[in-house]
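# pasting the sequence and the predicted coordinates here, then a few questions.
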Amino acid sequence: MGLSPGPRFPRAMKRDLMEILCCPVCKGDLELTVKAEKDEILEGSLFCKNCNHRYEITDGIPDLLPPDFK
C-alpha cells in the first residue's frame, strides 16, 4: 500500500497576513519588502525596525524563527 499525498496547501504568503504578524523577538511591527509576487508574495523579507531583525520569505513561506534559533 502506498501513502496518499496529504492535502496541498498554497505556497505563497498573503498580504492579509501582515495584519496579524509581529516580530517574534520584540513583538514590534514588521515592514514588508517584496522581491517576487504573483497574486501572493513569493519572495521577500520582513524587517523589524525596533530590534533590527530581518526574516526572509522564501517560496512564499515567512521564516519567523528568532535569530538565536537559526
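That came through, no problem. Residues are numbered from 1 along each chain as shown.

# burial check on residue 54, number of neighbours?
By the criterion of other CB atoms under 10 Å, residue 54 has 13 neighbours. C-betas here are computed from N, CA, C, even on glycine.

# go ahead and confirm it touches residue 46.
Yes - with contact defined as CB atoms under 8 Å, residue 54 and residue 46 form a contacting pair (7.2 Å).

# point out where the chain drops to low pLDDT.
Counting by pLDDT under 70, the chain contains low-confidence ranges at 1-11.

# can you pull out the strands in it?
With DSSP state E, the ranges of strands along the chain come out as 30-38, 40-48, 54-58, 61-62.

# and the third one with strand 40-48, angle?
Here strand 54-58 runs at 170 degrees with respect to strand 40-48, directions being taken by axes from the mean of the first three to the mean of the last three CA atoms, to 10 degrees.

# ok, and what's touching strand 54-58?
The contact list for strand 54-58 (CB atoms under 8 Å, 6 or more residues apart in numbering) reads 13, 30, 41-48, 62-65.
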